[in-house]
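Visitor: sequence plus the predicted model coming up.
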Amino acid sequence: MEEFKYLIPEESIDAIMDNVATLRTIENDLRQVFVKNGYLEVLMPSFEYVDLYNDMDIGIEEEKMFQYINYEGKRVALRTDFTVPLARLYSSKKEQGEKRYCYFGKVYRKEKRHKGRSSEFFQAGVELLGKAGYEGDIECLQVIQETLSSLQLKDIKIEMSSAKFYHRLLKLVDDESFVDILKKRDLSAIKKLIEKKQIQSPLKDLLIQLPRCFGDIDILKKMIAIIQDEELKAALKELENLYNHLNNKDVFSFDLAMTPSMKYYTGIMIKGYSPYSAETIINGGRYDRLMNHFHKDVPAIGFSYDLSHILNALEKEGESHD
Amino acid sequence: MIKIAITKGRIEKQVCQLLQSRGYDMDPIIHKDRELLIETNDGLSMIFGKANDVLTFLEHGIVDIGFVGQDTLDESDFHDYYDMLDLNIGKCYFAVAAYPEYKTKEFHRRKRIASKYTKVAKEYFNSKQEDVEIIKLEGSVELGPVVGLSDAIVDIVETGSTLKANGLEVIEKISDISTKMIVNKVSLKFKKDEIFKMIDRLNGEE
């Protein structure tokens, strides 16, 4: 066993040495913006019941959790995300009305071996509970906008979409396979589906265009003009209205083919990209029904920053300028 | 500049022919020697690798586009990419194959299934609610039944001639396979026009 003195398990991330200062600077800058906007920093526990995650059926695969059986015979997992435990916190503290939480810490998700991925990530983020609709959405977007310079990355893109649009679309298409087809933007499969289900225009035209329906405000305006279904149109108009109230418009764009990365999204969905990261660096959305699991009717919205991906992107961006 | 990874071998040949027929200059590829990275005159940077590695390169954002068989996608645990185009080449299918008596034979134990594609095999038998034992073989999977290691195999069938030559036959078809164009999710956001231009050309819509 002599060699174990020198090794770390494959799940670990390497000790961060060179980038600690950068990571802490980013965290501090984010914290300042969050606190200034009234968000209370919460230090969350590292252990949660597996059943908390499972009962919510939010799409975190069980095999990705680090689990053990505790003295009660119950399964306990290392924290795999912050949103669910914060929803639990809100509920268990019998909170009411608006609450603003922010957090910094690691989440743990098992990754496949030998894929160049580690199983622990630094995250930061906010959750805004109890503030519905437009007011909550615009507040969150404005916070994101304020934090962008803290991330130190150039060429960040923030994409917005709407889970209302997505769910309405699923209803209109009414085919089980469509979820995966859209997730994969499978142009060939869309054509086959249209034939199979004899889908007619205008839905047919929309489906054919959908995989390339992303880009700046012009795409959104164009689609609002073309789409006839009232619910779809309304969902897009909500996005347009939000956009009109943002200052730093250049970084914002739209992706109508976006699929919810978490099952519980009900309204606006947000994703942030850097050309130097193969994965999204910001993720979030409105989740008005999550609190129903706690028998409460509380609207909520939140988003998180994947600081590990951001650090990697910063490093790559630096190299590309050398 | 779009970066592309292509599965070496048959897929490489077929994809390069297709690209050439759609007006891409493939001369640097056709006349390549042993280089693993080649830039074409159309501003494509191409690397050639094993099927699973094409996926790994795409996962890490090393390449924007990958050309790879559906069989590789089905067997992989990584799914976070766009699977945008079925090129309708390299067509074949996954199937269960065995000696003809497999169909009527009664088993009083778990069946043993040999396959290179253990995930595909497992999912197929799960969907049939059949509990089987899966044994991984790396190649010439037909040997499984021939040498008596397994009762059946799950493998790719193209013409079926290898099966036939060994007295085996297709028991049931599982799913279709063809060559796919997959795209890194972030690349699509930052190189939209270039990537869709290629898609449209491959689709014959330009």
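Guide: Perfect, I can see it now.

Visitor: residue ranges for the helices of chain A, please.
Guide: Applying DSSP state H to chain A gives helices spanning A:20-36, A:50-56, A:83-92, A:133-147, A:163-173, A:178-183, A:187-197, A:203-209, A:217-226, A:230-244, A:307-321.

Visitor: repeat that for chain B.
Guide: Under DSSP H, chain B gives helices at B:10-21, B:27-30, B:51-59, B:70-75, B:118-127, B:143-146, B:161-165, B:185-190, B:192-202.

Visitor: quick one: residues contacting residue 204.
Guide: No chain specified, so I'll use chain A. residue A:194 (C-beta atoms under 8 Å, 6 or more residues apart in numbering or on different chains). (C-beta placed from N, C-alpha, C; glycine too.)

Visitor: looking at chain B here, not the other one
Guide: Taking C-beta under 8 Å, 6+ apart as the test, what residue B:204 contacts is residue B:22.

Visitor: one more time with 7 Å
Guide: By C-beta atoms under 7 Å, 6 or more residues apart in numbering or on different chains, residue B:204 lies in contact with nothing.

Visitor: let me know the pLDDT of it.
Guide: Here, the pLDDT recorded for residue B:204 equals 79.

Visitor: can you check residue B:28 too?
Guide: At residue B:28, pLDDT is 84.

Visitor: same check, this time on residue A:60
Guide: pLDDT, residue A:60: 79.

Visitor: hang on, it packs against residue A:78?
Guide: No. If you go by C-beta atoms under 7 Å, residue A:60 and residue A:78 don't touch, sitting 12.0 Å apart.

Visitor: residue in chain B nearest to chain A?
Guide: residue B:61 (2.8 Å; C-beta to the nearest C-beta).

Visitor: I figured that residue hits residue A:276, correct?
Guide: No. Shown here, residue B:61 and residue A:276 do not form a contact pair, counting by C-beta under 7 Å, at 8.4 Å.

Visitor: neighbours of the closest residue to residue B:68 other than its chain neighbours, how many?
Guide: Leaving aside its chain neighbours, residue B:68 sits nearest to residue B:54 (4.7 Å; criterion: C-beta to C-beta, 6 or more residues apart in numbering or on different chains). Residue B:54 has 26 neighbouring residues, counting by other C-beta atoms under 10 Å in any protein chain shown.

Visitor: please apply the same query to residue A:127.
Guide: Neighbour tally, residue A:127, other C-beta under 10 Å: 25.

Visitor: now do the phi/psi pair for residue A:7.
Guide: With angles defined as degrees, to the nearest 10, residue A:7 sits at phi -110, psi 160.

Visitor: quick check: the gap between it and chain B.
Guide: According to C-beta to the nearest C-beta, to the nearest Å, residue A:7 and chain B sit 23 Å apart.

Visitor: read off the pLDDT value for that residue.
Guide: On the pLDDT scale, residue A:7 gets 82.

Visitor: same question, residue A:121
Guide: So residue A:121 comes in at 89 (pLDDT).

Visitor: returning to that earlier point: which stretch in the helices of chain B is the model least sure about?
Guide: helix B:27-30 (a mean of 84).

Visitor: one step back: save the helices of chain B as a markdown table, and put in distance to residue A:132 too.
Guide: Below are the helices of chain B laid out as a markdown table (distance: least, C-beta to C-beta, whole Å):
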| stretch | distance to residue A:132 |
| --- | --- |
| helix B:10-21 | 50 |
| helix B:27-30 | 56 |
| helix B:51-59 | 38 |
| helix B:70-75 | 41 |
| helix B:118-127 | 42 |
| helix B:143-146 | 60 |
| helix B:161-165 | 62 |
| helix B:185-190 | 30 |
| helix B:192-202 | 34 |
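
Visitor: quick one: which of those is nearest residue A:152?
Guide: For residue A:152, the closest of the helices of chain B is helix B:185-190, at 18.2 Å, according to C-beta to C-beta.

Visitor: any chance of the helices of chain A in CSV, plus mean pLDDT?
Guide: Below are those laid out as CSV (pLDDT from 0 to 100):
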stretch, mean pLDDT
helix A:20-36, 95
helix A:50-56, 87
helix A:83-92, 92
helix A:133-147, 94
helix A:163-173, 95
helix A:178-183, 95
helix A:187-197, 95
helix A:203-209, 93
helix A:217-226, 94
helix A:230-244, 95
helix A:307-321, 89
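
Visitor: about what we covered before: how near is the residue nearest to residue B:68 to residue B:184?
Guide: Here the criterion is C-beta to C-beta, to the nearest Å. By it, residue B:54 lies 11 Å from residue B:184.

Visitor: could you check how far the closest residue to chain B within the stretch 151-300 of chain A is from residue A:306?
Guide: Using C-beta to the nearest C-beta, residue A:278 is the residue of the stretch 151-300 of chain A that sits closest to chain B, at 2.8 Å. The gap separating residue A:278 from residue A:306 is 12 Å, by C-beta to C-beta.

Visitor: try residue B:111
Guide: In terms of C-beta to C-beta, residue B:111 sits 44 Å off from residue A:306.

Visitor: between the two, who's got more neighbours?
Guide: residue A:306 (22 against 18).

Visitor: quick one: contacts for that one?
Guide: A:121, A:123, A:279, A:280, A:281.
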